[in-house]
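S.K.: structural data only, the sequence is not supplied:
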């Protein structure tokens with residue numbers, strides 16, 4: 001593992017059984033796990049807020065799904081009728097849904113932390 005980079009808080013995640021790094025600048029959380037495309041599995045501050053508001057935290061099941069499928073964790077007011085307009089608005093968790101996470105421009109310099 002490279003040296004710890006300035007501007008990151010590194011901690012051991014017991015639920016994920018690995019070190020994770022949080023950017024002090026952007027609030028993004030990065031894990032050591034990589035997706036099939038080589039990108040780090042990461043969580044935006046908005047995703048962390050959604051999980052927290054639901055009384056949840058990042059656990060191994062959530063992490064495994066995110067590692068395999070990518071995407072963005074989103075809030076949902078009515079689970080029987082998701083609000084697609086929020087996904088298409090470009091404002092949710094950085095706007096781009098899919099593998100590699102969101103807010104790519106903000107995070108480009110943060111991706112070689114492990």
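M.R.: Nice, thanks for sending it over. Just so you know, these numbers come straight off a predicted model, no measurement behind them.
S.K.: could you list which residues are in contact with the nearest residue to residue 45 once chain neighbours are set aside?
M.R.: Excluding the flanking residues, the one nearest residue 45 by C-beta to C-beta, 6 or more residues apart in numbering is residue 27, at 3.8 Å. Heads up, the C-betas are built off the backbone N, CA and C, glycines and all. Residue 27 sits next to 44-45, 48 when contact means C-beta atoms under 8 Å, 6 or more residues apart in numbering.
S.K.: just the pLDDT for residue 27.
M.R.: pLDDT for residue 27: 94.
S.K.: with residue 91 instead?
M.R.: So, for residue 91, pLDDT stands at 39.
S.K.: check the burial of the residue nearest to residue 53 when sequence neighbours are not counted by counting its neighbours.
M.R.: Nearest non-adjacent residue to residue 53, counting by C-beta to C-beta, 6+ apart: residue 75, 6.9 Å away. Residue 75 has 15 neighbouring residues, counting by other C-beta atoms under 10 Å.
S.K.: look at residue 75 and give its secondary structure.
M.R.: Under DSSP: H, G, I helix; E, B strand; the rest coil, residue 75 falls in the coil class.
S.K.: where along the chain do the strands fall?
M.R.: Applying DSSP state E to the chain gives strands spanning 8-13, 18-23, 29-34, 40-43.
S.K.: make a markdown table out of the ones you listed and add distance to residue 55.
M.R.: What follows is these, written out as a markdown table (distance: least, C-beta to C-beta, whole Å):
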| stretch | distance to residue 55 |
| --- | --- |
| strand 8-13 | 18 |
| strand 18-23 | 21 |
| strand 29-34 | 18 |
| strand 40-43 | 17 |
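S.K.: show me the contacts for the residue nearest to residue 53.
M.R.: By C-beta under 8 Å, 6+ apart, the neighbours of residue 75 are 50, 53-54.
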